[in-house]
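# sequence plus the predicted model coming up.
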Amino acid sequence: MSVTNGAPAPLLRLEGVNTYYGQMHILQDVDLEVGEGELVCLLGGNASGKSTTLKTILGVVPPRSGKVVLAGEDVTRYSTAKRIERGLAIVPENRRLFGPMTVLENLELGAYLRPRADLKEDLERVYEIFPHVAARRKQLAGTLSGGEQQMVAMGRALMARPKLLLMDEPSMGLAPILVERSFEIIKQVHSAGVALLVVEQNANVSLSIADRGYVLSTGRVVLEGRASELIRHEELRKAYLGR
Ligand SMILES: Nc1ncnc2c1ncn2[C@@H]1O[C@H](COP(=O)(O)OP(=O)(O)OP(=O)(O)O)[C@@H](O)[C@H]1O
Ligand SMILES: [Mg+2]
């Protein structure tokens, strides 16, 4: 890892990123960082470019200009597969589990890049974080409740032992009690040393567990800072998050 001014390079850095869909300029000069083991939330209203930011990081939509740097390595022109090999994992919007497969089979899919010999250990680690998932391992994923699916989706991503876990709106479609539970789990994963970039519209709950946050509005970072400071920006939250 490269070192500048004695400080370690961040795990993830976006530098002056501009991302387009055809002629549509979505992300505009986005700079963003996630440090080792840090929990960062990316906030913004509908269509502000949150999912596009994750797609840019994953290389699903490469930026037209700017850089994506992962653990000191410029991955801007890397394929998604190569980025995943470098330690990225995602829990996508709406979980996207394979419904006709069991919980265990879904978890195993998350480990496809890991040595086969480590599978048992990886599974035990996930079951330790989510004992409830262990109890449901033979159940078809499509028959799980929303909250259970969220746990399996996180478990599946953790099976790859990622350095950085990307999450797209984990609270979406969950009842308030499950939102709380879901964020407790995110906190737990963070405590285990995994860095996270969590996309959310629910500013209160995500800022309450995050180290830092960024706010996007029409593809630009309009606000960034310590979560403890952002949570007090009532006016800004109203302006940019529509609540
Ligand atoms: N594949 C695509 N082709 C064209 N435009 C797209 C595509 N995907 C997204 N967009 C547009 O880019 C803009 C940003 O979308 P994005 O999905 O990043 O927003 P978001 O902040 O994740 O919103 P939400 O909270 O509703 O999920 C939107 O105006 C959207 O219509
Ligand atoms: Mg989105």
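That came through fine. Quantities reported herein were computed from a predicted structural model and do not represent experimental measurements. Ligands and ions are numbered 1, 2, ... in the order given.
# am I right that Lys82 is in contact with Val75?
Yes: in this structure Lys82 lies within contact range of Val75 using C-beta atoms under 8 Å: 7.2 Å. (Each C-beta comes from the backbone N, C-alpha and C, glycine too.)
# what touches both of the two?
Shared contacts of Lys82 and Val75 (C-beta atoms under 8 Å, 6 or more residues apart in numbering): Gly59.
# more neighbours, these two?
Neighbour count, other C-beta atoms under 10 Å: between Lys82 and Val75, Val75 has more, with 19 against 12.
# what sits against the more buried one?
Counted by C-beta under 8 Å, 6+ apart, Val75 has contacts Gly59, Val68, Val69, Lys82, Arg83, Arg86.
# need the buried ones from these selected in PyMOL.
Buried residues within the contacts of Val75, by 16 or more other C-beta atoms under 10 Å, are selected in PyMOL with:
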select buried, resi 59+68+69+83
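# show me the contacts for the residue most central in space within the chain.
Geometric centre of the chain, nearest residue: Leu166, 1.7 Å, by C-alpha atoms, centre = their mean. Applying C-beta under 8 Å, 6+ apart, we find Leu166 in contact with Leu54, Ile57, Leu58, Leu88, Ala89, Ile90, Val91, Leu196, Leu197, Val199.
# ok, now Asp31?
Asp31 sits in contact with Leu14, Glu15, Gly16, Val17, Val221, where contact means C-beta under 8 Å, 6+ apart.
# show me which of the residues you listed are buried.
For the contacts of Asp31, a burial check counting by 16+ other C-beta under 10 Å picks out Leu14, Glu15, Val17, Val221.
# could you check how far the last one is from Ser51?
In this structure, Val221 lies at 15 Å from Ser51, with C-beta to C-beta, to the nearest Å as the measure.
# repeat for the first one
If you measure Leu14 against Ser51 using C-beta to C-beta, the figure is 15 Å.
# Arg220 contacts Leu32, doesn't it?
No: at 11.4 Å, Arg220 does not count as touching Leu32 under the criterion of C-beta under 8 Å.
# what's the helix or strand for Glu180?
Assigned by DSSP states H and E, Glu180 belongs to helix 176-191.
# returning to what we had before: pick out the most distant pair among the buried ones among the contacts of Asp31.
The largest separation in the buried ones among the contacts of Asp31, counting by C-beta to C-beta, is between Glu15 and Val221 at 12.2 Å.
# which of the buried ones among the contacts of Asp31 fall in strands?
Of the buried ones among the contacts of Asp31, the ones assigned to strands by DSSP state E are Leu14, Glu15, Val17, Val221.
# hmm, who's touching the helix holding Glu180?
Outside of helix 176-191, the residues within contact range by C-beta under 8 Å, 6+ apart are 37, 39, 129-130, 146-147, 150-151, 154, 158, 165, 167, 170-171, 174, 196, 198, 202, 205-206, 208-209.
# just the buried members of those?
Counted by 16+ other C-beta under 10 Å, the contacts of helix 176-191 give 37, 39, 129-130, 147, 150-151, 154, 158, 165, 167, 170-171, 174, 196, 198, 202, 205-206, 209 as buried.
# before we move on, the earlier item: what lines up beside the one helix or strand the residue nearest to the centre of the chain maps to in the sheet?
Using DSSP H and E, Leu166 falls within strand 164-168. If you go by DSSP bridges, strand 164-168 pairs up with strand 88-91 (parallel), strand 195-200 (parallel).
# could you redo these as a markdown table and give each row distance to ligand 2 and mean pLDDT?
Output for the strands paired with strand 164-168, formatted as a markdown table (distance: least, C-beta to the ion, whole Å; pLDDT from 0 to 100):
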| stretch | distance to ligand 2 | mean pLDDT |
| --- | --- | --- |
| strand 88-91 | 12 | 93 |
| strand 195-200 | 7 | 96 |
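# now those strands in TSV, with distance to Glu108?
Output for those, formatted as TSV (distance: least, C-beta to C-beta, whole Å):
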stretch	distance to Glu108
strand 88-91	15
strand 195-200	23
